[in-house]
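**Student:** for reference, the sequence and a predicted model appear below.
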Amino acid sequence: MNNDTHWYIKATRFAQNHFSWLNRNDSKDNSYFTEEYIQTLRFSGLDVTKNNILTLSYMVAFLSFIILFSFDSSIIVLYYSSKMNIDLLTIFLLMTSTIFLPLIFMNLIASYPKVYVQYIKIHSLGDIPEILSYLVMYLKLVPNLENSVKFAARESSTTLSKDLRKMLWDMEIRIHHGIHDGLTAFANQWGSWSDHLKRALHLIRSSIDESDESQRIITLNKALDVGLEGTRDLMHEYAEKLHQPTLVIYSIGIMIPLAIIAMLPAAGLIGLQITIFQIFILYDILLPLFLFLYIRKILMLRPATFNPPSIPTNHPDLKKINRKKHFIIAVFIGIICSAPGFLSLLLPSFFLLKSSFLSQLHEIIPLSLLIIWGFSLSFAYYAYMVYHPVKKIRDSIKQMETEFSDALYIMGKRISEEKSPEESFHYTSSMMKGSDIAQLFSHTAYNLSAIQTNVYDALFSKEYGSLKYIYSDRIHSILRLFVEGIKKSQKSVSISIIKLADHLKDLQQVEKKISETLSELTSTLKATGR
């Protein structure tokens, strides 16, 4: 998990080079960091030290204090230059923000490695079915535990596979005495986050000791079922827990601000003077900051079942996008639209008197509003022209992923009838005719029949493979499993992909349930927002 390009590593190096004078006492390191924090830091793979983290935290607190203090000073100067009296509430809000916000930022930076590790572990839970499928499929074909782990670590690109590779390396340098000890350590490492992964790994390990072949297969199937059902149950649990947090977000983000705005006229009747600046502090700083931290906490607890597809820029439909051209056009649109607004602010009397049209327009809407419209239109144009094709490709891939479970089930049944891969792909494409996934299977069948290539090249060839422009880790990993399994046993691979098809369908139902659970609340949020 080590990554020198990670922003946190770059930030700590910058802080160490330019703000090391903020943290000259190295003895503070041990008093601030617990043993649990140190273990978390090791697990994160971030190439930073405790001293680096403290220095970065102090730098963020120091810079944020300077910025907030400068902001406070400018506000006070503005009040006095306008010959307005600054009230105690405004002073209190300024002082509170200046004192506590740097401390909050410092704590967020210092605790980031823990948040990062939690994010890795929670989002790695969605990778469990893939890893277990690799292990189980290989062991059904060849009952060698060490080779199955090497196969899973080699074929998968998930976070769990990286930890498997590290476990294999530790075994090579004798940190673990054999594959059984290494797999046990790996299971215990992830056991606190995923009990079903731990149980599944122990079942896989115990299957090697089974003398009866049928009992070994039953144990392996049980291990896969435990992993699949555990992932599904995690999503069910998350869906059940979403209702109350969403109500809190709705209350704090919409209802409370609307209620405060409604009560502002009444505040003047009882002698309270609420200024625009106080409303700005509350609405634009404090409430958004609280909502950001709360929503971030909720999303951190969401187990990822499916990772969203990542579309590279070398896709044929994206190569023709000229970002510089669209940027220049967007800037031109922004300038044309906002020019009257800027001119009306710079030369209000001259500009409005000389142009009768703009004078009439100014009576309908403030010309300064055109500045906001100019920025909005330029941003909207650039975003649509550059990112709409990406969204179109991503939506197509997501649709293929939705249809993939049905196609996988059909192909698994066809393979179980001892049909050839070519015939199975062709039959599946005909059964799924009219869907996006049918094109993938049809292309694969064409490669097998017309080019007379093998199954791997028909799917994964960089020149003509049917998956060349299908950027779905889910589809890639399952079809890679199929390719490896079909070399050794059609019966075993058919059973495995049918189970995976059922698992994908279950997880899709769970995600659908989450959407339905939130639909009533989200529709209310959208209606209120409009």
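**Tutor:** Cool, got the structure.

**Student:** what about residue 211, distance to residue 377?
**Tutor:** The gap separating residue 211 from residue 377 is 73 Å, by Cβ to Cβ, to the nearest Å. In this view, the C-beta of every residue, glycine as well, is placed from N, C-alpha and C.

**Student:** so which of the two has more stuff around it?
**Tutor:** Neighbour totals were compared for residue 211 and residue 377, and residue 377 leads with 17 against 6 (other Cβ atoms under 10 Å).

**Student:** wait, isn't that one in contact with residue 335?
**Tutor:** No - with contacts counted by Cβ atoms under 8 Å, residue 377 stays clear of residue 335, the gap being 10.7 Å.

**Student:** centre of the chain to the strand or helix carrying residue 135, how far?
**Tutor:** According to DSSP states H and E, residue 135 maps onto helix 128-141. Offset of helix 128-141 from its chain centre (Cα atoms, centre = their mean, to the nearest Å): 26 Å.

**Student:** return the distance of the following helix or strand past that helix from the chain's centre.
**Tutor:** As assigned by DSSP H and E, the chain's next helix or strand after helix 128-141 is helix 145-155. Distance of helix 145-155 from its chain centroid, counting by Cα atoms, centre = their mean, is 27 Å.

**Student:** and helix 145-155, what's buried?
**Tutor:** Across helix 145-155, burial judged by 16 or more other Cβ atoms under 10 Å covers 145, 148-153, 155.

**Student:** report the separation between residue 167 and residue 497.
**Tutor:** Counting by Cβ to Cβ - residue 167 and residue 497 are separated by 27 Å.

**Student:** which non-adjacent residue is nearest residue 110?
**Tutor:** Closest residue to residue 110 apart from its sequence neighbours, by Cβ to Cβ, 6 or more residues apart in numbering: residue 57 at 4.4 Å.

**Student:** in this protein, which helix or strand is least confident?
**Tutor:** Sorting the helices and strands of the chain by mean pLDDT, DSSP states H and E puts helix 348-354 at the bottom, at a mean of 60.

**Student:** check contacts around residue 178.
**Tutor:** Listed by Cβ atoms under 8 Å, 6 or more residues apart in numbering, the contact set of residue 178 reads residue 171.

**Student:** and it, its phi and psi?
**Tutor:** Main-chain torsions, residue 178, degrees, to the nearest 10: phi 100, psi 170.

**Student:** change the start of the numbering to 2 and stick with it
**Tutor:** Noted, 2 is the first residue going forward, which turns the last one into residue 179.

**Student:** now it: how far from residue 206?
**Tutor:** Applying Cβ to Cβ to residue 179 and residue 206 gives a distance of 11 Å.

**Student:** repeat for residue 336
**Tutor:** Taking Cβ to Cβ as the measure, residue 336 falls 67 Å from residue 206.

**Student:** okay, the two: which has more neighbours?
**Tutor:** Neighbour totals were compared for residue 336 and residue 206, and residue 206 leads with 18 against 12 (other Cβ under 10 Å).

**Student:** grab the nearest non-local neighbour of that one.
**Tutor:** residue 184 is the one closest to residue 206 (Cβ to Cβ, 6+ apart), at 5.5 Å.

**Student:** residue contacts, the one you found?
**Tutor:** 146, 150, 168, 202, 205-206.

**Student:** what is the nearest of those residues to residue 111?
**Tutor:** residue 168 (29.5 Å; Cβ to Cβ).

**Student:** show me what the biggest helix by length in the chain is packed up against.
**Tutor:** When the chain is parsed with DSSP state H, its longest helix is helix 370-417. Helices and strands touching helix 370-417, by 3 or more Cβ pairs under 8 Å, 6 or more residues apart in numbering; DSSP states H and E, are helix 317-320, helix 324-347, helix 422-432, helix 437-451, helix 474-487, helix 491-530.

**Student:** now the ones you listed in TSV, with distance to residue 384?
**Tutor:** Shown next, in TSV, are those (distance: least, Cβ to Cβ, whole Å):
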stretch	distance to residue 384
helix 317-320	15
helix 324-347	9
helix 422-432	36
helix 437-451	25
helix 474-487	26
helix 491-530	19
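
**Student:** could you chop the protein up by domain?
**Tutor:** Per automatic domain parsing, the domain ranges recorded for the chain read 8-111, 244-301, 317-381, 395-530.

**Student:** which elements pack onto the strand or helix carrying residue 206?
**Tutor:** Assessed by DSSP H and E, residue 206 sits inside helix 196-208. Helices and strands touching helix 196-208, as assessed by 3+ Cβ pairs under 8 Å, 6+ apart, comprise helix 129-142, helix 180-192, helix 214-242.

**Student:** any idea of the mean pLDDT in the shortest one?
**Tutor:** The average pLDDT within helix 180-192 is 88.

**Student:** pull the most distant pair out of the contacts of residue 184.
**Tutor:** 168 and 205 (13.9 Å).

**Student:** the more surrounded of these two?
**Tutor:** Regarding residue 168 and residue 205, a neighbour count based on other Cβ under 10 Å identifies residue 205 as having more, with 25 against 21.

**Student:** what's the pLDDT at the residue nearest to that one when sequence neighbours are not counted?
**Tutor:** Excluding the flanking residues, the one nearest residue 205 by Cβ to Cβ, 6+ apart is residue 224, at 4.8 Å. Residue 224 is assigned 90 on the pLDDT scale.

**Student:** correct me, but residue 224 touches residue 204?
**Tutor:** Yes - Residue 224 is within contact range of residue 204, at 3.7 Å (criterion: Cβ under 8 Å).

**Student:** what about these two, which has more around it?
**Tutor:** residue 224 (24 against 20).

**Student:** could you check how far the more buried one is from residue 43?
**Tutor:** Counting by Cβ to Cβ - residue 224 and residue 43 are separated by 29 Å.

**Student:** can you check residue 408 too?
**Tutor:** Noted for residue 408: a distance of 42 Å to residue 43, by Cβ to Cβ.
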